[in-house]
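S.K.: My questions are about this predicted structure, shown below with the sequence.
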2 protein chains.
Amino acid sequence: MTGGPPGRSGVLAVDSGGSGLRVAVRVVTGEAGAPGTAPRDAVPQGATAEEVTKEPVRTGPRGIDPGHLMEQLVPAVRSLTARTGVSRLAAAAVGAAGFGTLGDALRAELPGALAREFGVRRVALAADAVTAYVGALGVRPGAVVAAGTGLIALGTDLSRWRRADGWGHLLGDCGGGAWIGRSGLEAAVRAHDGRPGGSAALLACAQEEFGPVTGLPGVLYPRADRPAVLASFAPRVADCAAADPVAAEILRAAARHMADSAAAVCPAGEEARVALTGGGVRMGEVLLAPVREELARRLTHARTVPAEGDPLHGATALATALAGNSLALPLDASLLHVVTSAPGEA
Amino acid sequence: MTGGPPGRSGVLAVDSGGSGLRVAVRVVTGEAGAPGTAPRDAVPQGATAEEVTKEPVRTGPRGIDPGHLMEQLVPAVRSLTARTGVSRLAAAAVGAAGFGTLGDALRAELPGALAREFGVRRVALAADAVTAYVGALGVRPGAVVAAGTGLIALGTDLSRWRRADGWGHLLGDCGGGAWIGRSGLEAAVRAHDGRPGGSAALLACAQEEFGPVTGLPGVLYPRADRPAVLASFAPRVADCAAADPVAAEILRAAARHMADSAAAVCPAGEEARVALTGGGVRMGEVLLAPVREELARRLTHARTVPAEGDPLHGATALATALAGNSLALPLDASLLHVVTSAPGEA
């Protein structure tokens, strides 16, 4: 892809998560492509084309496996550059779940592999919380609560990052999908036992989802994806919340936990914005209304806003800023790691 | 062992749990042994000799493995009958963790195996909660809270059993060792994050136990015995409770959960007794004092008493009652299952 006649320039963005890769190539605005180099169906400058792969990147003894990521990335990028008419990738940003603790091999090998394969010399590797942040708020000070199966809050005043929670389903992730689902199932078994805090409505839902409640431990504990099983019950808690006070209180408690985490990381100053992002948003107003109330109560100085976009949008924004030498975010080995290689290095 | 001259008669008791088997042979009071049949060092009538094995009984696709249990039981019983001079086992009681959900193969095969191997024709198979109950209260109406790594409450009016909690560390076991440890570790990471509900004292303890707190997820989640890892932190929560209000409130909440479970299963009537048993007792007054207070508040009609003995003591009492045809407890396939075989059946 390098060394040919000057063509249209673009950036590469990747979001690597539990359900596979999402890959985007964006035509960089402000760099004109040579006339006639783009195929007929190419997207216009500034626009983005996306592909999705179905296989999550493997995690091995060295952490997230850069070779397995590249295997899936190469055909997706070939297809996207062909579709967009991009002949030169000026920068790439890869956001990956688990990057902070499992990113050593990515840090060591991925920038070189991207340089060799695609000629890209500016690479940002980021935790998925960072791409979620930039996707939701852009490069602005504030706090983002990313609530999917788990929950993590990330904040920045643009000079340093702060994070809260994200400790996983046994130590925290308070207010995330697994937490909400687990709380709902605990209320179900409490109702079965005749203990306080039980909900007959959640017991009925649990039996619909998982069969007789006495078999629930046998359904849940042998599974390797227990947090996902727990989180699968969160929408049923949301369904019950309008009519069931126990379910409503679970969502209110989740909202308080989200506000606690946001408050722990949000910078001072009137310009701070706060957003909620991730699958939690899909639970709708039954969760979003108490979240807005709790954020307003705990973060009087910050403005709560809807997320602008998703983590792939964030990775695209990171790559675009990197291509324009304007990445104004704090660097941190476990959150946002940037490598710029010289032309001969790869 | 059968068919010889009449000798001293005894009963066999087994407690099968997460750390192996505890086995006891008790010389049955009221049946005189033939003079001279007991070796010099035999224990007197009514007394009990015990052995311990180190290997937990395997659980396979058919549940708890009766063959593996017998492999460990046979040498222990040979040794115990020799030590006690018992030449005839009138009855056996086996209490096993997981019996309710994983006891099918035990129900199908263990009574026959015990009859063939030891000539014992009256066999009680019980959930460990039942042997804990009988060990703590004997054959009396009331409620027992068995708090180890997990937590289950069992109650009876002597006509039926009721149970509460025992749902495992993700759905309940509220107030048990894993619950207390998990709550303590959540308070530790909250302190690290600067979220409300944190405890600097528990954070310091967590770092002493598990190393830097940012590495805690990597220590905990790969382990197969996560509940035991969580429960291993419970004693540290107890250590902190005198000086740390967050730790004290965790133990107070555990005590409330225990009282909730006891209240859900305790029969009405002035004669009901309530006891706490299991490893939780070893946490001492820092937990026992709030437990007594919460039980007194929730169960005004019942008398809180110390546990008389442990689950092996309970299994011994079950076997002794069975030998004397006086087992006055409700039968229930998943809690207490009794098989009496005719002499020719084995």
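M.R.: Structure received. Numbers count the residues shown, from 1 in each chain, chains lettered A, B, ... in the order given.

S.K.: C-alpha coordinates for stretch A:124-143, CSV please?
M.R.: The C-alpha coordinates for stretch A:124-143 follow below in CSV (Å, rounded to 0.1, in the frame of the first residue of the first chain):
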residue,chain,number,x,y,z
ALA,A,124,-2.5,4.6,19.5
LEU,A,125,-3.3,1.6,21.7
ALA,A,126,-6.0,2.3,24.2
ALA,A,127,-8.1,0.6,26.9
ASP,A,128,-11.7,0.3,25.8
ALA,A,129,-12.6,2.7,28.5
VAL,A,130,-10.5,5.4,26.7
THR,A,131,-12.2,4.8,23.3
ALA,A,132,-15.6,4.8,25.1
TYR,A,133,-14.6,8.1,26.7
VAL,A,134,-13.5,9.8,23.5
GLY,A,135,-16.5,8.3,21.7
ALA,A,136,-18.9,9.7,24.2
LEU,A,137,-17.3,13.1,25.0
GLY,A,138,-14.6,13.7,22.4
VAL,A,139,-11.4,15.4,23.6
ARG,A,140,-13.0,17.3,26.4
PRO,A,141,-12.7,17.2,30.2
GLY,A,142,-15.3,15.2,32.0
ALA,A,143,-16.3,11.7,33.1
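
S.K.: Now do that stretch, average pLDDT.
M.R.: In this model, stretch A:124-143 has a mean pLDDT of 96.

S.K.: now check that stretch, is it near chain B?
M.R.: No: with CB under 8 Å from any CB of the partner chain as the threshold, stretch A:124-143 lies outside contact range of chain B, at a closest distance of 12.5 Å. For glycine as for every other residue, the C-beta is placed from the backbone atoms N, C-alpha and C.

S.K.: and that stretch, how far from the chain's centre?
M.R.: Average the C-alpha atoms of stretch A:124-143, do the same for its chain, and the two points are 9 Å apart (CA atoms, centre = their mean, to the nearest Å).

S.K.: For chain A, which residues are neighbours of chain B?
M.R.: Counting by CB under 8 Å from any CB, chain A comes close to chain B at A:101, A:163-165, A:167-172, A:174, A:182, A:185-186, A:189-190, A:193-197, A:216-218, A:220-221, A:226, A:230, A:260-261, A:263-264.

S.K.: Quick check: can you list the domain ranges of chain A?
M.R.: A:8-136+A:311-340, A:142-304 (automatic domain parsing).

S.K.: got any ranges where chain A has weak pLDDT?
M.R.: By pLDDT under 70, the weakly predicted segments of chain A are A:1-6, A:29-45, A:343-346.

S.K.: where along it do the strands fall?
M.R.: Along chain A, counting by DSSP state E, strands occupy A:8-17, A:20-27, A:48-52, A:59-60, A:63-64, A:86-96, A:122-127, A:142-147, A:151-156, A:161-165, A:273-277, A:303-304, A:336-340.

S.K.: elements contacting the last one?
M.R.: If I follow you right, that is strand A:336-340. Applying 3 or more CB pairs under 8 Å, 6 or more residues apart in numbering or on different chains; DSSP states H and E, one finds that strand A:336-340 contacts strand A:122-127.

S.K.: The strand it packs on pairs with which strands, and in what direction?
M.R.: Sheet pairing of strand A:122-127 (DSSP bridges) gives strand A:86-96 (parallel), strand A:336-340 (antiparallel).

S.K.: What residues does the residue nearest to A:L125 when sequence neighbours are not counted make contact with?
M.R.: Closest residue in space to A:L125, ignoring its immediate chain neighbours: A:H337 at 4.6 Å, by CB to CB, 6 or more residues apart in numbering or on different chains. Remark: with contacts taken as CB atoms under 8 Å, 6 or more residues apart in numbering or on different chains, A:H337 is in contact with A:103, A:107, A:124-126, A:331.

S.K.: Against B:V339, how distant is A:T48?
M.R.: With distances defined as CB to CB, to the nearest Å, the gap from A:T48 to B:V339 amounts to 70 Å.

S.K.: cool, and A:A317?
M.R.: According to CB to CB, A:A317 and B:V339 sit 70 Å apart.

S.K.: When these two are compared, which one has more neighbours?
M.R.: When neighbours are counted by other CB atoms under 10 Å in any protein chain shown, A:A317 and B:V339 differ, and A:A317 comes out ahead with 22 against 17.

S.K.: Buried deepest among the strands of chain A, which one?
M.R.: Mean neighbour count, computed with mean count of other CB atoms under 10 Å in any protein chain shown, is highest for strand A:142-147 among these, reaching a mean of 30.

S.K.: So in that sheet, which strands flank it, and in what orientation?
M.R.: Based on DSSP bridges, the strands next to strand A:142-147 in the sheet, each with its direction, are strand A:151-156 (antiparallel), strand A:273-277 (parallel).

S.K.: May I have the longest one exported as PDB, CA atoms only?
M.R.: In other words, strand A:151-156. Taking Å, rounded to 0.1, in the frame of the first residue of the first chain, the C-alpha atoms of strand A:151-156 are listed here in PDB:
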ATOM      1  CA  LEU A 151     -18.900  -1.000  34.800                       C
ATOM      2  CA  ILE A 152     -16.000   1.400  34.800                       C
ATOM      3  CA  ALA A 153     -15.800   5.200  35.100                       C
ATOM      4  CA  LEU A 154     -13.000   7.200  33.400                       C
ATOM      5  CA  GLY A 155     -12.400  10.900  33.900                       C
ATOM      6  CA  THR A 156      -9.900  13.400  32.800                       C
END
